[in-house]
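J.: Just to be clear, the model below is a prediction. Sequence and coordinates:
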Amino acid sequence: MQVTEAGVKYFRGKNNIFVVYLEDGSEVTSRILSDQLEVSLQNAHARVKAYMLTGDETELYKKIYSRRNTVKKAQPIQSDKHYAEGDIKQIFCPMWRLVMKTI
């Protein structure tokens, strides 16, 4: 049995599967966690590895599809590149360029 820096006890079971002991004494593997939370096996394995690093059990059983708080990126300002009456932006219009090439 090994202990991580966060104080989580674990060992590698059959076929090198991580078996993690929780604070209440129960054992958890990625397969068991996948079945309990109905998430993919890869997601469950990532949660087990994150739990081994941090020791935070709430992250192990967090809500499915919950996202971290992120800063929303500013939306780019859309510029109008189409020809308007009295405007000289005609050269930026791809259709106008095509017409001028064929003339």
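T.: All right, it came through fine.

J.: for the protein, longest helix please?
T.: Determined from DSSP state H, the single longest helix within the chain is helix 41-54.

J.: Need the mean per-residue confidence for that helix.
T.: Averaging pLDDT along helix 41-54 gives 89.

J.: ok, for His45, nearest residue in space, not its chain neighbours?
T.: Residue nearest to His45 in three dimensions, not counting chain neighbours: Ser30, with 4.1 Å by Cβ to Cβ, 6 or more residues apart in numbering. Backbone N, C-alpha and C define where each C-beta goes, glycine included.

J.: Tell me who's in contact with that neighbour.
T.: Taking Cβ atoms under 8 Å, 6 or more residues apart in numbering, we find Ser30 in contact with 17-18, 41, 44-45, 47-48.

J.: Quick one: buried ones out of those?
T.: Among the contacts of Ser30, those classed as buried by 16 or more other Cβ atoms under 10 Å are 18, 44-45, 47-48.

J.: what about Leu33, how many neighbours?
T.: 20 (other Cβ atoms under 10 Å).

J.: The residue nearest to it when sequence neighbours are not counted and Arg97, how far apart?
T.: Nearest residue to Leu33 in three dimensions, chain neighbours excluded: Ala44, at 4.2 Å (Cβ to Cβ, 6+ apart). Distance of Ala44 to Arg97, computed by Cβ to Cβ, to the nearest Å: 54 Å.

J.: before we move on, what about Ala50?
T.: Here Ala50 is placed at a distance of 53 Å from Arg97 (Cβ to Cβ).

J.: So for Gly13, what's the nearest residue that isn't a sequence neighbour?
T.: Among residues not flanking Gly13 along the chain, Val19 sits closest, at 4.6 Å (Cβ to Cβ, 6+ apart).

J.: Which of the residues in whichever strand or helix holds that neighbour are classified as buried?
T.: Assigned by DSSP states H and E, Val19 belongs to strand 18-21. Buried residues in strand 18-21, defined by neighbour count with 16+ other Cβ under 10 Å: 18-20.

J.: now stretch 54-72
T.: Buried residues in stretch 54-72 (16+ other Cβ under 10 Å): Leu60.

J.: how long is that stretch from one end to the other?
T.: End-to-end distance of stretch 54-72: 27 Å, with Cα to Cα, to the nearest Å as the criterion.
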